[in-house]
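Undergrad: Fold the stuff below for me.
(one chain, ligands or ions: 1)
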Amino acid sequence: MQLQDILYSQGFGTRRVCAGLVQQGWVEVRDPVQQSSFEICKDATADFDLHGLVLRVQGVEWQCHLKAYVLLNKPAGTECSQKPSTYPSIYTLLPPPLRQRPTKSAVQGVQAVGRLDQDTTGMLLLSDDGQFIHRLSSPKKHVPKVYQVTTKHPIDASQIERLLAGVVLDDDPKSVRAAACERRDTHRLDLTLTEGKYHQVKRMIAAVGNRVEGLHRSRIGGLDLPADLPTGGWRWLGPEELDLLSRVDG
Ligand code: URA
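TA: Model (predicted):
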């Protein structure tokens, strides 16, 4: 694949901009054999294998990926919308190329796999692979998501029982239930859901007479939020992690 096309596919701008970046000497390519050395390449049509290619564009290192699968540790006070109404968008936490990657759909760049409320923290996935997004967010796929819930009032056994048996939310006659519910201490529980209705955790907890004071998503499928990913930080997902994500047995 030509270097200008690789840059375009990674979100570095229009084809013209990408060709210009190369011709002006802003793009270095890492030698796949001598892993540590980068060399400037001024030939926009030079051929490279995108797989595993590492570039340095205007001094910033970039690992090339055919499709983007990333994990973000969402901080509180951020919205999952591209056009937020009150709080900063989570998309501002990602490097510009991830937000500008060309896609087949009308929307550019990576998209969040489902949404978390502005005050919810933790694990959020983003991708430019529509099938991946669908597989992980469709209620029909039953991918479990674990939420660490802090409640206003003490949690009692009857609340846990009701969450597991199923509660009716205001807009839906069909009850929703937790796939698992474990009390961690008087005001904390881990709730596992396999669907993702609007404000589902908060509404379920309200339906059993309590109230959510803090909400953190810690696990999707078989993958835990890595302890070393700081709040507000992001990273690429590897093949093993992608495998773990789609596990429906958690
Ligand atoms: N349930 C909620 O109520 N809020 C979230 O952000 C996620 C699940």
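Undergrad: going forward, measure contacts and count neighbours with C-alpha atoms only.
TA: Noted.
Undergrad: The residue nearest the centre of the chain sits in which helix or strand?
TA: Centroid-nearest residue in the chain: Leu125, 1.4 Å away (criterion: CA atoms, centre = their mean). If you go by DSSP states H and E, Leu125 is part of strand 121-127.
Undergrad: now check that strand, is it near the ligand?
TA: No: Strand 121-127 lies apart from the ligand when judged by CA under 6 Å from any ligand atom; the minimum separation is 7.8 Å.
Undergrad: Is the residue nearest to the centre of the chain bridged to anything, and to what?
TA: Leu71 (DSSP bridges).
Undergrad: ok, Cys80 to Ala180 distance?
TA: Cys80 sits 26 Å away from Ala180, going by CA to CA, to the nearest Å.
Undergrad: which of these two has more neighbours?
TA: Cys80 (21 against 15; other CA atoms under 10 Å).
Undergrad: so the more buried one touches Ser89, yeah?
TA: Yes: assessed by CA atoms under 8 Å, Cys80 is found in contact with Ser89 at 5.9 Å.
Undergrad: What residue spans form the domains of this structure?
TA: Domain assignment for the chain by automatic domain parsing gives 3-63, 69-138+230-246, 144-220.
Undergrad: After the lowest-mean-pLDDT helix or strand in the chain, which helix or strand is next?
TA: Confidence across the helices and strands of the chain bottoms out at strand 172-176, with a mean of 88, counting by mean pLDDT, DSSP states H and E. As assigned by DSSP H and E, the chain's next helix or strand after strand 172-176 is strand 180-185.
Undergrad: Near the ligand, which residues of the protein? Just list them.
TA: Residues of the chain lying close to the ligand by CA under 6 Å from any ligand atom are 116-117, 120, 199-202.
Undergrad: Buried among the residues you listed? Need that as a selection in PyMOL.
TA: Of the residues of the chain next to the ligand, the buried ones can be selected in PyMOL as follows, counting by 16 or more other CA atoms under 10 Å:
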select buried, resi 116+120+201+202
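Undergrad: Out of the residues of the chain next to the ligand, which is nearest to Val168?
TA: Lowest distance from Val168 to the residues of the chain next to the ligand (CA to CA) belongs to Gln200, with 10.9 Å.
Undergrad: From Gln58, how far off is the closest one?
TA: From Gln200 to Gln58 the distance is 44 Å (CA to CA).
Undergrad: Same check on Gln10?
TA: 14 Å.
Undergrad: neighbour-wise, which of the two wins?
TA: Gln10 (23 against 12).
Undergrad: Identify the residues contacting the closest residue to Thr192 other than its chain neighbours.
TA: In this structure, Thr192 finds its nearest non-sequential neighbour in Val146, 4.4 Å apart by CA to CA, 6 or more residues apart in numbering. Val146 makes contact with 190-193, 217-220, according to CA atoms under 8 Å, 6 or more residues apart in numbering.
Undergrad: Having no further points to raise, I will conclude here.
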